[in-house]
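A.B. asks: just coords:
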């Protein structure tokens, strides 16, 4: 059994490592050095799937690392990561996703602000000044 401090250190180390998986260039680094072919490392990636559980996932700053962790369960994906072009493509797709998400979020926030402003300008219902 781990002591409290050992458990905290393990949690912190695993949290930092799993979030590194969101970086396709880091995945390419791991693949080129052969880590993604090593059975113990592949088993470790499988073990880390517990981070998908809500009680752990809530600590992730980069939740798309979970998608990468899921993809890393597949040998074909691990083999493709040796290719720098594969990592570059993933990196570009992530950037496009974030740009789209940011623009969509900004539009939603603007629409909500306009809706709230419109509601504040309207008189409350049943408050007619008929005499």
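C.D. replies: That came through fine. Quantities reported herein were computed from a predicted structural model and do not represent experimental measurements.
A.B. asks: in the helix or strand bottoming out on mean pLDDT in the chain, what's buried?
C.D. replies: Lowest by mean pLDDT, DSSP states H and E among the helices and strands of the chain is helix 84-121, with a mean of 76. For helix 84-121, the neighbour count (16 or more other CB atoms under 10 Å) marks 86, 87, 90, 94 as buried. All C-beta atoms are positioned from the backbone trio N, CA, C, and that covers glycine.
A.B. asks: elements contacting it?
C.D. replies: helix 24-32 (3 or more CB pairs under 8 Å, 6 or more residues apart in numbering; DSSP states H and E).
A.B. asks: again, only this time at 10 Å
C.D. replies: In terms of contacts (3 or more CB pairs under 10 Å, 6 or more residues apart in numbering; DSSP states H and E), helix 84-121 is packed against helix 24-32, helix 65-71, helix 75-80.
A.B. asks: so where's this structure uncertain?
C.D. replies: Applying pLDDT under 70 to the chain flags the ranges 97-102, 123-131.
A.B. asks: ok, back up a step: centre of the chain to the least confident helix or strand of the chain, how far?
C.D. replies: 15 Å (CA atoms, centre = their mean, to the nearest Å).
A.B. asks: now do stretch 8-17
C.D. replies: Relative to where its chain is centred, stretch 8-17 has its mean C-alpha point 17 Å off (CA atoms, centre = their mean).
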